[in-house]
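Visitor: What follows is a predicted protein model with its sequence.
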Amino acid sequence: MADQDAHNTVGAEPPALPSLRWEEPPEGPVLVLLDQTRLPTEEVELVCTDVPALVQAIQTLAVRGAPLLGLAGAYGVALAARRGFDVDEAAAQLSGARPTAVNLGYGVRRAAAAHRTACEKGADEEGAAAAALEAARELHRQDAAASAAMAGHGLALLDELLPGGGHRILTHCNTGALVSGGEGTAFAVALAAHRVGRLRRLWVDETRPLLQGSRLTAYEAARRGMAYTLLTDNAAGSLFAAGEVDAVLIGADRIAADGSVANKVGSYPLAVLAKYHHVPFLVVAPLTTVDLGTPDGAAIEVEQRSGLEVTELTGAFSAAGVEGGSGLPVAPLGTQAYNPAFDVTPPELVTAIVTEEGAVSPVTGTGLAELCARSRRVTMS
Ligand SMILES: CSC[C@@H](O)[C@@H](O)C(=O)COP(=O)(O)O
């Protein structure tokens, strides 16, 4: 089996990537995003001065991943407020940019609520905008803290489930610093294992069709000096059959009240494989990804994306929102493609959901409600 050798040493990690940051140049406040469509070949920043630009960045996946979408939504409301745009209109546009990740609407509502409360208390435009910005910053800090806590809980659980150490972890999509105010969700657990010398191998699914695994997770793993190997999504079965996977770790875009997990398409087949091969299947997500208002998996809206992402290579990045892409065709012209961005894994296939408040078995779903109630999360209807 061809392995990608680790080429850095633990302790020589570069600083975490600034996937998103707020800046205040003299021309006015901006939200600066690391353009994830350009990775891994180029580290290019995208400067958003208004909400339509941010909505486009969300829809083209320049900024993506559930926790980061929450931050983008919250800072987007602050940006609208600071630049004198209609905050309710901005909130509606941002919330509607992508449907599945619950964090996006949550971040928007949190900043919009802070803005509204400030207005109700008599704040002027500037004061209300400052309140929205502070809400975004607070969410950012909480997300970073949640990452660190999930990494700790996740590693403890891995060590409990796999007492021998030397973990070989399979992951899907991208769940690292690129999608978080901290070091991510599932990836942060693998990184924690790496730092204590207990990660033997990170198996990275390439994650068709947009290649978040090969473009982004492999990029992050290489930067961190982790021992990782890339595989095509459909090679995962043979990897399980060969006994090479000790645990599967994924993130989530929305977790319903019954413990059903929506995550990047291709997660559900991994859960089925894991069950068959008696391998733990762990979902790592902050409580902001738990949506107790959605009763079960059937009620989760799954984003359907352009077929061009499947029929053309790089179609994702050239074709968003337009007819006909400019990518390399890999199917006859006019081929229809089925392209759901996510799938839903039922609770009975999930060994545990790891949150910042600890891990729960999702089979009953009740543990999730208790964790949410216990957390200091600001809840809004
Ligand atoms: C911590 S990130 C968890 C999920 O958001 C991630 O696995 C995922 O599915 C992202 O999908 P994307 O379409 O790239 O935004």
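Guide: Nice, thanks for sending it over.

Visitor: Look through this protein and state the residue closest to the ligand.
Guide: Nearest residue of the chain to the ligand, counting by CB to the nearest ligand atom: residue 251, 2.6 Å away. Any C-beta I mention is one placed from the backbone N, CA and C, and that applies to glycine too.

Visitor: List the contacts of that residue.
Guide: By CB atoms under 8 Å, 6 or more residues apart in numbering, residue 251 lies in contact with 65-66, 173, 175, 179, 184-187, 263, 283-285, 289.

Visitor: make it 6 Å
Guide: Counting by CB atoms under 6 Å, 6 or more residues apart in numbering, residue 251 touches 175, 185, 186, 284, 285.

Visitor: Mind checking which of the residues you listed are in strands?
Guide: Cross-referencing these against strands under DSSP state E gives residue 284.

Visitor: Could you tell me which of the contacts of residue 251 count as buried?
Guide: Buried members of the contacts of residue 251, scored by 16 or more other CB atoms under 10 Å, are 175, 185, 186, 284, 285.

Visitor: Would you mind listing what in this structure touches the ligand?
Guide: Contact residues, the chain versus the ligand (CB under 6 Å from any ligand atom): 61, 64-67, 101, 173, 175, 179, 184-185, 212, 251-253, 263-264, 341.

Visitor: From the residues you listed, which land in helices?
Guide: 66, 67 (DSSP state H).

Visitor: so where do the strands sit in the stretch 151-300 of the chain?
Guide: Listed in chain order, the strands of the stretch 151-300 of the chain (DSSP state E, counting those that start in this stretch) span 167-171, 199-205, 228-231, 247-250, 254-256, 261-264, 281-284, 290-291.

Visitor: and the third one, which residues are buried?
Guide: If I follow you right, that is strand 228-231. Neighbour-count burial for strand 228-231 [16+ other CB under 10 Å]: 228, 229, 230, 231.

Visitor: Could you give the bridge partners of the first one?
Guide: This means residue 228. Beta-bridge partners for residue 228, by DSSP bridges, are residue 4, residue 202.

Visitor: Surely it touches residue 221?
Guide: Yes. Counting by CB atoms under 6 Å, residue 228 does reach residue 221; the two are 4.0 Å apart.

Visitor: Mutual contacts of the two, please.
Guide: Residues touching both residue 228 and residue 221 by CB under 6 Å, 6+ apart: residue 202.

Visitor: Mind putting the buried residues of strand 228-231 into a markdown table with pLDDT?
Guide: Shown next, in a markdown table, are the buried residues of strand 228-231 (pLDDT from 0 to 100):
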| residue | pLDDT |
| --- | --- |
| 228 | 98 |
| 229 | 98 |
| 230 | 98 |
| 231 | 98 |
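
Visitor: now, the most widely separated pair of those?
Guide: Using CB to CB, the two most remote members of the buried residues of strand 228-231 are 228 and 231, lying 10.2 Å apart.

Visitor: Geometric centre of the chain: which residue is closest?
Guide: Central residue of the chain (CA atoms, centre = their mean): residue 65, 2.7 Å from the mean position.

Visitor: how about that one, what does it touch?
Guide: Contact partners of residue 65, counting by CB under 6 Å, 6+ apart, are residue 179.

Visitor: same thing but 7 Å
Guide: 174, 175, 178, 179 (CB atoms under 7 Å, 6 or more residues apart in numbering).

Visitor: how deep is the closest residue to the third one other than its chain neighbours tucked in, by neighbour count?
Guide: What it means is residue 178. Spatially, and ignoring its direct neighbours in sequence, residue 178 is nearest to residue 19 (5.0 Å; CB to CB, 6 or more residues apart in numbering). For residue 19, the neighbour count with other CB atoms under 10 Å is 23.

Visitor: Residue 19 and residue 222, how far apart?
Guide: From residue 19 across to residue 222, the span is 17 Å (CB to CB, to the nearest Å).

Visitor: before we move on, what about residue 69?
Guide: Residue 69 sits 24 Å away from residue 222, going by CB to CB.

Visitor: Who are the packing partners of the longest helix along the chain?
Guide: When the chain is parsed with DSSP H, its longest helix is helix 125-161. Counting contacts by 3 or more CB pairs under 7 Å, 6 or more residues apart in numbering; DSSP states H and E, helix 125-161 packs against helix 66-82, helix 102-120, helix 186-195, strand 281-284, strand 352-355, strand 358-360.

Visitor: Would you check how far apart the residue of the chain most remote from its centre and residue 77 are?
Guide: Most distant residue from the mean C-alpha position of the chain: residue 122, 36.6 Å away (CA atoms, centre = their mean). According to CB to CB, residue 122 and residue 77 sit 20 Å apart.

Visitor: With residue 163 instead?
Guide: With distances taken as CB to CB, residue 163 is found 46 Å from residue 77.

Visitor: Those two: which has the busier surroundings?
Guide: Comparing residue 163 with residue 77 by neighbour count (other CB under 10 Å), the higher total belongs to residue 77, at 32 against 7.
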